[in-house]
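> Compute the structure for the input listed below.
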Amino acid sequence: MPTCPAGHLSPDHDRCDLCGLPMPAPPTGRPGHGQPDPAPDEHCPDCGAERAGRFCEACGHDFAAAARTEASPLSLPAGLRARAAEHAGAAGPAGPAAPRPDGADAARARPTWWAIVSADPAYYQAMADLGLLDPAAIAFPAHAPLRRVPLNRRRVRIGRRSLSLGIHPEIDLAGPPEDPAVSHAHATLLALPDGDWALVDEGSTNGTTLNGTARPIARDTEVPLHEADRIYVGAWTAITLHRQTG
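Residues are numbered from 1 along each chain as shown. Next comes the predicted model:
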């Protein structure tokens, strides 16, 4: 897969789908005469499905986010495993799942948190009913695959990447599909000393709500989070916390 000047893998041959930099022109010639051999097929480290872009079509793994966070030795949650199997069955055999690394017993004993990112039509409709968005200007995405990002940094940022501002959030909602109502630096998930997480709104334009309430959380204030809490940002994005123990 081509690599942009910043070192990101990108299926787009014109511009990097992570940072937007122009992709270098491919070398000419035959393999062994100035042109490297074709890159081997890449597979999702979570479910084994063949990579076709930034997001795994089977389980929603974000390859770009994984490059900036640590891989988890834990398997998919049961519900996501079923969804991955369904998608993989429709697309063909997914191949073997990635083996767990040696010495993972201690890691499996500790809980691992995940952010499950989805497009919520009910939230989108509620925003439209409240007059907070114009459906004629912002349409609900026709295709929005489920994504999941491991929460294994002290700070996990939610937003939309911006080359000019130097913003590259771990939970990047610049798409595809892009949620245009999300601020570039929208919110941050903070790891707490007790192993739980807190949410901080970074002064977003349209606010951040929790668990379906209409009242946005206060900016620059830590709000404790729990398993299955749902964070709503932008026009349709819902981010659900999943706590997994091995």
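> CA only for contacts and neighbour counts going forward, please
Fine.
> lowest confidence element among the helices and strands of the chain?
Lowest mean confidence among the helices and strands of the chain (mean pLDDT, DSSP states H and E): helix 78-91, at a mean of 46.
> so Ala128 sits in a strand?
No - using DSSP: H, G, I helix; E, B strand; the rest coil, the assignment for Ala128 is helix, not a strand.
> Quick check: bridge partners of Thr188?
Assessed by DSSP bridges, Thr188 has beta-bridge partners Arg157, Val200.
> Buried ones in stretch 204-211, by neighbour count?
Using 16 or more other Cα atoms under 10 Å as the test for burial, stretch 204-211 gives 204, 207-210.
> What's the end-to-end length of it?
Distance between the boundary residues of stretch 204-211 (Cα to Cα, to the nearest Å) amounts to 18 Å.
> what's the answer for stretch 198-210, then?
Using Cα to Cα, one end of stretch 198-210 lies 12 Å from the other.
> Give me the mean pLDDT for it.
For stretch 198-210, mean pLDDT rounds to 94.
> returning to what we had before: for the buried residues of stretch 204-211, give me JSON lines that also has secondary structure.
Below are the buried residues of stretch 204-211 laid out as JSON lines (three-state DSSP):
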{"residue": "Ser204", "secondary structure": "coil"}
{"residue": "Gly207", "secondary structure": "coil"}
{"residue": "Thr208", "secondary structure": "strand"}
{"residue": "Thr209", "secondary structure": "strand"}
{"residue": "Leu210", "secondary structure": "strand"}
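> Could you dump these into TSV with distance to Gly159 added?
Conversion of the buried residues of stretch 204-211 to TSV gives the following (distance: Cα to Cα, whole Å):
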residue	distance to Gly159
Ser204	9
Gly207	12
Thr208	11
Thr209	14
Leu210	16
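> isn't Ser204 right next to Thr188, touching?
No - look at Ser204 against Thr188 with Cα atoms under 8 Å: they stay out of range, at 10.7 Å.
> in the chain, which spans are strands?
Secondary structure of the chain (DSSP state E): strands at 112-119, 147-150, 155-159, 171-172, 185-191, 197-201, 208-210, 223-225, 230-233, 237-244.
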